[in-house]
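*Asks:* for reference, the sequence and a predicted model appear below.
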Amino acid sequence: MRRTKADAAKTREAVIDAAEAVFFENGVSRSTLEQIAVRAGVTRGAVYWHFKDKAEIFKALQERVRLPQEELLIEQALVHGHEDPLSLIEETALSALAVLAKDTRRQRIYTILSHRCEDVGEMADILVRITDANRAMYKNLLQLMEMAERNGSLSRDWSPPLAVKALQCTFTGLLQEWLRNGKSFSIIEVGTRMITGLIQSLRASGATTQEGRPPRSPDPPSPRTAIA
């Protein structure tokens, strides 16, 4: 019986689904095409019909989702400017956390990219996406911090490059700890306190938000949201 395009597409997705599970459980380097084929319920020949090797499967897997860094959609402000860049950064960072918190597929794939894949050989070329995303995020955030510096909302205690590095380390470190600790704390509660607190420290004394209000203070610490 001839296979239809729909059948072929279904098989391809089944292989990627299986690879996601196998890579998450075993790590990319310790996973085999045989394991992926078994998990997908297909033959190795079917796997090779769609993908020439494990690296190609891995590339297809990571293309399924946007990275957390890529969720910071601030291009509109970079083109037209923004009256309160710090609030914009805060809002987009918290929005990115909210998207990740409710999407288990993103969580698994980000875990694979961050903790289950060695940056060597064929994978090094594929993982360049993460490096590129980090560079793009740094460039965009730097422009926003420079806007904040020009309009006087960025504290003089912070230079734009240092402020961006602090924000990147906070955001990335939060994700890494959340995943490394098996999501044992609320990334929304902890993340909101961390990001809001950092933005507050970056804001110049007396500066207000775009609504004319003082910046909100992070909620007081709670034992429920302590990082393990």
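*Replies:* Yep, it's here.

*Asks:* least trustworthy helix or strand in this structure by mean pLDDT?
*Replies:* helix 75-80 (a mean of 58; mean pLDDT, DSSP states H and E).

*Asks:* kindly state the domain boundaries assigned to the protein.
*Replies:* 5-62, 68-225 (automatic domain parsing).

*Asks:* would you single out the least confident of these?
*Replies:* In terms of average pLDDT, domain 68-225 trails the rest of the domains of the chain, at a mean of 82.

*Asks:* can you give me the offset of that domain from its chain's centre?
*Replies:* 9 Å (C-alpha atoms, centre = their mean, to the nearest Å).

*Asks:* ends of stretch 171-187, how far apart?
*Replies:* 11 Å (C-alpha to C-alpha, to the nearest Å).

*Asks:* helices of this protein, residue ranges please.
*Replies:* 5-26, 33-40, 44-50, 54-62, 75-80, 85-101, 104-115, 121-126, 128-150, 160-180, 187-202 (DSSP state H).

*Asks:* could I get those helices in CSV, plus columns for mean neighbour count?
*Replies:* C-betas here are computed from N, CA, C, even on glycine. Formatted as CSV, the helices of the chain follow (neighbours: other C-beta atoms under 10 Å):
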stretch, mean neighbour count
helix 5-26, 17
helix 33-40, 18
helix 44-50, 15
helix 54-62, 19
helix 75-80, 11
helix 85-101, 20
helix 104-115, 18
helix 121-126, 14
helix 128-150, 17
helix 160-180, 17
helix 187-202, 19
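
*Asks:* mind saving the C-alpha coords of stretch 119-136 as CSV?
*Replies:* The C-alpha coordinates for stretch 119-136 follow below in CSV (Å, rounded to 0.1, in the frame of the first residue of the first chain):
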residue,chain,number,x,y,z
ASP,A,119,28.5,21.3,22.9
VAL,A,120,30.8,19.2,20.7
GLY,A,121,30.9,17.8,17.2
GLU,A,122,27.8,18.1,15.1
MET,A,123,25.8,19.5,18.0
ALA,A,124,28.1,22.5,18.4
ASP,A,125,26.9,23.8,15.0
ILE,A,126,23.3,23.3,15.9
LEU,A,127,23.6,24.8,19.4
VAL,A,128,24.9,28.0,17.8
ARG,A,129,21.3,29.1,17.8
ILE,A,130,21.5,29.6,21.6
THR,A,131,24.6,31.7,21.2
ASP,A,132,22.9,33.8,18.5
ALA,A,133,19.8,34.2,20.6
ASN,A,134,21.8,35.4,23.6
ARG,A,135,23.7,37.9,21.4
ALA,A,136,20.5,39.2,19.9
